[in-house]
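Q: have a look at this prediction, sequence included:
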Amino acid sequence: MAELIPKEKPKISSTVNFLFYLFLIASIVLIFGSLILKQKISTAQSEVKKVKEQITKIRKDKNEILEKETLTLVNKIKDFSELLEVHKINSNFFKILENLTHPNVWFTKLILNNKNSQVQLIGQTASLEVLGQQMQIFSQNENIKELNLAQISFEKDGKVNFTLNFIADSKIF
């Protein structure tokens, strides 16, 4: 049967009302917050991807540059190694020349052609006799061939200027 007398609606306490609206607002804030966070995460991930691509490109470019520089250095080392292989050591020649030089002879100029082992010595000595002794020392040595007195001149004080040409044995270089 229908009730004719309306019943009073049960009153909802203000605390329950407050909690309901609080949870409703908190839920809305959480939903919007999660949507904003998802958007920011997506943006950050795309930026990270771009940065990784840039890093990869920079590394690739640097690797190419390093490869070119390394290849250049390898070629330089190869060229230098080839030069060292064909380089003649002149210090042996100077030791032999020092041992063969008369004590009263001074060489003022040395022209050495390593390709064909030609040597030109320009020097000075106290006398013609000492020059003769020097030429004899050179001619008796097996490392000196085709000895030639190319030029001779005398100074007023008696000193002798001379130019000697010879071919040195290639084994002394």
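A: Nice, I can see it. Residues are numbered from 1 along each chain as shown.

Q: contacts for the helix or strand of the chain with the lowest mean pLDDT next, please.
A: Scoring the helices and strands of the chain by mean pLDDT, DSSP states H and E places helix 91-100 at the bottom, with a mean of 89. Residues outside helix 91-100 that contact it (Cβ atoms under 8 Å, 6 or more residues apart in numbering): F107, L112, I137, F138, N141, N143, I144, A168, I172, F173. All C-beta spots, glycine's among them, are computed from the backbone N, C-alpha and C.

Q: check which helix or strand covers the fourth one.
A: Counting by DSSP states H and E, the secondary-structure element that holds F138 is helix 128-139.

Q: quick one: buried residues of that helix?
A: Buried residues in helix 128-139, defined by neighbour count with 16 or more other Cβ atoms under 10 Å: V130, L131, Q133, Q134, M135, F138.

Q: following it, which helix or strand shows up next?
A: Downstream of helix 128-139 (by DSSP H and E), the next one is strand 144-154.

Q: how's this protein carved up into domains?
A: 16-87, 91-172 (automatic domain parsing).

Q: pick the most buried one from those domains.
A: Each of these was scored by mean neighbour count; the highest is domain 91-172, a mean of 14, by mean count of other Cβ atoms under 10 Å.

Q: residue ranges in the chain under the pLDDT threshold?
A: 1-3, 6, 88, 173 (pLDDT under 70).

Q: in contact with the residue positioned nearest the centre of it: list those residues for me.
A: Among the residues of the chain, the one closest to the centroid is L73, at 6.4 Å (Cα atoms, centre = their mean). By Cβ under 8 Å, 6+ apart, no residues touch L73.

Q: in what helix or strand does it lie?
A: Counting by DSSP H and E, L73 is found in helix 14-86.
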